[in-house]
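Visitor: With the input below, show me the fold.
(one chain, ligands or ions: 1)
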Amino acid sequence: MSAPHRPIRSYVLRQGRVTDAQRRARDELLPRFGVPFSRGLLDLNRVFGRSAPKILEIGFGMGETTADIASRHPGTDYLGVEVHTPGVGGLLKRIAELGLANVRVIQHDAVEVIEQMIPPASLDGVHVYFPDPWPKKRHHKRRLIQPAFVALLASRMKRGAYVHMATDWEDYARWILETLSGEPLLVNTAAAFAPRPEHRPLTKFENRGLKLGHGVWDVVFRRA
Ligand SMILES: C[S@@+](CC[C@H](N)C(=O)[O-])C[C@H]1O[C@@H](n2cnc3c(N)ncnc32)[C@H](O)[C@@H]1O
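Guide: Residues are numbered from 1 along each chain as shown. Predicted coordinates for the structure are as follows:
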């Protein structure tokens, strides 16, 4: 019998690093601020209880940036997707502590979430900050940003919506720029890399890196 088809994932789930507080936050707060994965399109206005611009964030990590952006833009709704339990717990804790009404969380593979749950032409923006660079050549196929994925993302964006990616890995930055440039539905907002948009905060890690001369590359495209 042949082995069942296993899709290539852009992440590896690490076990055993979830603190009790993170797990408790996830278990207590996910029913309030979480959206369960399902194979049916979401009504995004219903999810947030209002009609407002909708931004999807893929791979929010511990959620510091998500919470910061959401607290500075209360008129915009943010849907964060992440697989990693400590990160999900971390963002949920921040949502509760800061009383954020404009953030919802899905703990699942973003590729499947976008395919199954996000309606066509429903997003006003997409954020992908510091996606795993998978630096070894034999792992490049695991990179999240691939032509088919970008085409899928573009199909879920409204006309005029933006997609904003940032990375501190130069080779991946060029890969992202090339991949987005190859998508016929997307148009670059800059000649090549973009200046950091005001909405993306400078993280502590990034600030330290910049002082050491390390680069960060932002890429911002719009849906035609
Ligand atoms: C290097 S971290 C960056 C986290 C955060 N955006 C930041 O800037 O600190 C990349 C994150 O993307 C998440 N991730 C990777 N592939 C994913 C996928 N297919 N669906 C959801 N999350 C994913 C990983 O779990 C990880 O937390």
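Visitor: Enumerate the residues of the chain near the ligand.
Guide: 10-11, 58-61, 65, 81-84, 87, 109-111, 129-132, 144 (CB under 6 Å from any ligand atom). For glycine as for every other residue, the C-beta is placed from the backbone atoms N, C-alpha and C.
Visitor: Please flag which of these sit within helices.
Guide: 65, 87, 110-111 (DSSP state H).
Visitor: can you map out the helices along this protein?
Guide: Under DSSP H, the chain gives helices at 20-33, 44-48, 64-72, 85-98, 110-117, 147-156, 170-181, 204-211.
Visitor: which of those helices sits most buried?
Guide: helix 85-98 (a mean of 22; mean count of other CB atoms under 10 Å).
Visitor: Can you list the low-confidence ranges for the chain?
Guide: Along the chain, the parts satisfying pLDDT under 70 run over 1-5, 15-16.
Visitor: and the spatially most central residue of it, what are its bridge partners?
Guide: For the chain, the residue nearest the mean C-alpha position is Ile58 (1.5 Å; CA atoms, centre = their mean). Applying DSSP bridges to Ile58 gives these bridge partners: Val81.
Visitor: Contact partners for it?
Guide: Residues counted as contacts of Ile58 (CB atoms under 8 Å, 6 or more residues apart in numbering) are 81, 110, 126-128, 131, 144.
Visitor: among the residues you listed, which are in strands?
Guide: Residues of those located in strands (DSSP state E): 81, 126-128.
Visitor: How far away from the center of its chain is the longest strand along the chain?
Guide: Secondary structure of the chain per DSSP E: the longest strand is strand 157-167. Centroid displacement of strand 157-167 relative to its chain, using CA atoms, centre = their mean, to the nearest Å, is 11 Å.
Visitor: Repeat that for stretch 84-102.
Guide: Counting by CA atoms, centre = their mean, stretch 84-102 comes out at 15 Å from the chain centroid.
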